[in-house]
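>>> okay, sequence plus prediction incoming.
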Amino acid sequence: MKGTIVRRGKSSWRLKFDVGADPVTGCRKIAYRTVRGTKKQAEAELTKAIAEMQAGGFVDPTTLTVKDYLSRWLKDHAAVSVSAKTLERYTELADRHLSPRLGAHTLQKLTPMHIQNAYSDMLNSGRIRGGGGLSARTVHHAHRLLFQALRQAVRWQLLARNPAEAVTPPRPLATEISILDDAQVGVLLKGARSTRMYTPILLAITTGLRRGEVFGLRWSDLDLDNGRLSVAQAVEQTKAGISFKTPKTRRSRRTVTLPQVTVEALRSHRAKQAAERLALGLGKDDLGLVFTSPLGEPVSVRAVSKEFARIVKRAKLPPVTFHGLRHTHLTALLKAGIHPKIASERAGHASVGITLDVYSHVLPSMQDGLTAGVDAAIRNALAEQP
């Protein structure tokens, strides 16, 4: 199997090679690919393409559909670069919303107008059950997926440009973060005191850990003598079951200090857990999890959310999710005047900019305190003048 290389410009080369017979017409098919770089690089790319063809892994970009490409991208790229939960969500968005509307188009003939029309259809009639349209937030998530997939197609030299770059996705409506004030935190803790949820709730309120981080915590991650813990893994739940994952960013892998009330609660919890396992005749827990089911198994995070909602309802508190405890903690830090960078490190955010963006609702009250301080300083300075 041979191919040819033709110069198309100063540093552009056109590759031409045989990809076999068309299964319908029996005619020979020729594939073309444009490569930028030196002739040596073009020769290497041609050799690679021919090798892929011989091994059965070559993809002809002229006939590849969007549906087939998304399936391949999910399998070859997303599956090895994102968490199992994220992959599950990507697959749902692709199979339920993107492929039904864009899948029949040839990848190389996909246009921004095709994509924009698909988004409009999703907003108007995208719901699978019950009719009606999808939320702007869901369509925005679909856009982010498609944008990433098509960007990879450019890197794989299946596309010359990313058509999603010229598309304007709908802007999600800003949602107010539900948090609890100090009095409500007290009510919640009292309502949870007699349940298995008390210590996880207290831990989330006093550290700002994510739900998956709380229930992925191991005793080996805790240093109760020095009042600190290390975030080294998180639990996640998909249709395939419960699994554990390591934090995806360096900042997510962090050390968080613990207040004494939380240290005491964790010591008490450890003693109760040991007694419980002894009573059930369970041996050593190989996973070493801090929080488990009554049978010593990893906790279902979906069950956690349902049980937490019941506790909130019984306590007659405003609706708040378990994740809202994280927001409660970080909001309290910022209102107390803790530097946003410190709050960002405690939260495990990728940058302080994310913290400031998510908790922008706290900034006005922080500015009130700032202006009051400036006012007092100026008045004192003027009073000292003769």
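Okay, I see it.
>>> what about the strands in this protein?
With DSSP state E as the criterion, the chain has strands at 3-7, 12-21, 28-36, 222-223, 228-230, 234-238, 241-245, 255-257.
>>> which one, of those strands, ends up nearest to H329?
Between H329 and the strands of the chain, the shortest separation by C-beta to C-beta is 10.3 Å, and it involves strand 255-257. C-beta here means a position set from N, CA and C on the backbone, and glycine is covered the same way.
>>> pick the most deeply packed of the strands of the chain.
The highest mean neighbour count among those, using mean count of other C-beta atoms under 10 Å, belongs to strand 234-238: a mean of 20.
>>> one step back: next, format the strands of the chain as JSON lines and append distance to L334.
Listed next are these as JSON lines, based on distance: least, C-beta to C-beta, whole Å:
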{"stretch": "strand 3-7", "distance to L334": "59"}
{"stretch": "strand 12-21", "distance to L334": "53"}
{"stretch": "strand 28-36", "distance to L334": "48"}
{"stretch": "strand 222-223", "distance to L334": "26"}
{"stretch": "strand 228-230", "distance to L334": "21"}
{"stretch": "strand 234-238", "distance to L334": "24"}
{"stretch": "strand 241-245", "distance to L334": "28"}
{"stretch": "strand 255-257", "distance to L334": "16"}
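>>> looking at those, which is nearest to L203?
Here strand 228-230 is closest among those (C-beta to C-beta), at 8.6 Å.
>>> spatially central residue for this structure, please.
Central residue of the chain (C-alpha atoms, centre = their mean): T86, 6.4 Å from the mean position.
>>> now do the buried residues in stretch 39-48.
Using 16 or more other C-beta atoms under 10 Å as the test for burial, stretch 39-48 gives 42, 45-46.
>>> now it, how far from the centre of its chain.
Mean-position distance between stretch 39-48 and its chain equals 37 Å (C-alpha atoms, centre = their mean, to the nearest Å).
>>> kindly report the same for stretch 220-236.
The chain centroid and the centroid of stretch 220-236 are separated by 22 Å under C-alpha atoms, centre = their mean.
>>> what's the end-to-end length of it?
End-to-end distance for stretch 220-236, by C-alpha to C-alpha, to the nearest Å: 19 Å.
>>> okay if I get the strands of the chain as TSV plus mean pLDDT and distance to G212?
As requested, these are arranged in TSV below (pLDDT from 0 to 100; distance: least, C-beta to C-beta, whole Å):
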stretch	mean pLDDT	distance to G212
strand 3-7	84	49
strand 12-21	75	45
strand 28-36	74	42
strand 222-223	97	17
strand 228-230	96	14
strand 234-238	92	4
strand 241-245	91	8
strand 255-257	95	15
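>>> what is the nearest of the buried residues of stretch 39-48 to E213?
Nearest to E213 among the buried residues of stretch 39-48, counting by C-beta to C-beta, is E45 at 43.7 Å.
>>> who does the residue nearest to the closest one when sequence neighbours are not counted bridge with?
Excluding the flanking residues, the one nearest E45 by C-beta to C-beta, 6 or more residues apart in numbering is V35, at 4.8 Å. Beta-bridge partners recorded for V35 (DSSP bridges): W13.
>>> ok, V35 - contacts?
Listed by C-beta atoms under 8 Å, 6 or more residues apart in numbering, the contact partners of V35 are 12-15, 41-42, 45, 157.
>>> what are the ranges of the helices in the stretch 1-150 of the chain?
39-55, 66-76, 84-93, 99-102, 112-125, 136-155 (DSSP state H, counting those that start in this stretch).
>>> show me what the longest one is packed up against.
Contact here means 3 or more C-beta pairs under 8 Å, 6 or more residues apart in numbering; DSSP states H and E; on that basis helix 136-155 packs against helix 66-76, helix 84-93, helix 112-125.
>>> show me which pair in the contacts of V35 is furthest apart.
Within the contacts of V35, two members stand farthest from each other by C-beta to C-beta: R14 and Q41, at 13.4 Å.
>>> tell me the one of the buried residues of stretch 39-48 nearest T249?
Distances from T249 to the buried residues of stretch 39-48, taken by C-beta to C-beta, are shortest for E45, at 33.2 Å.
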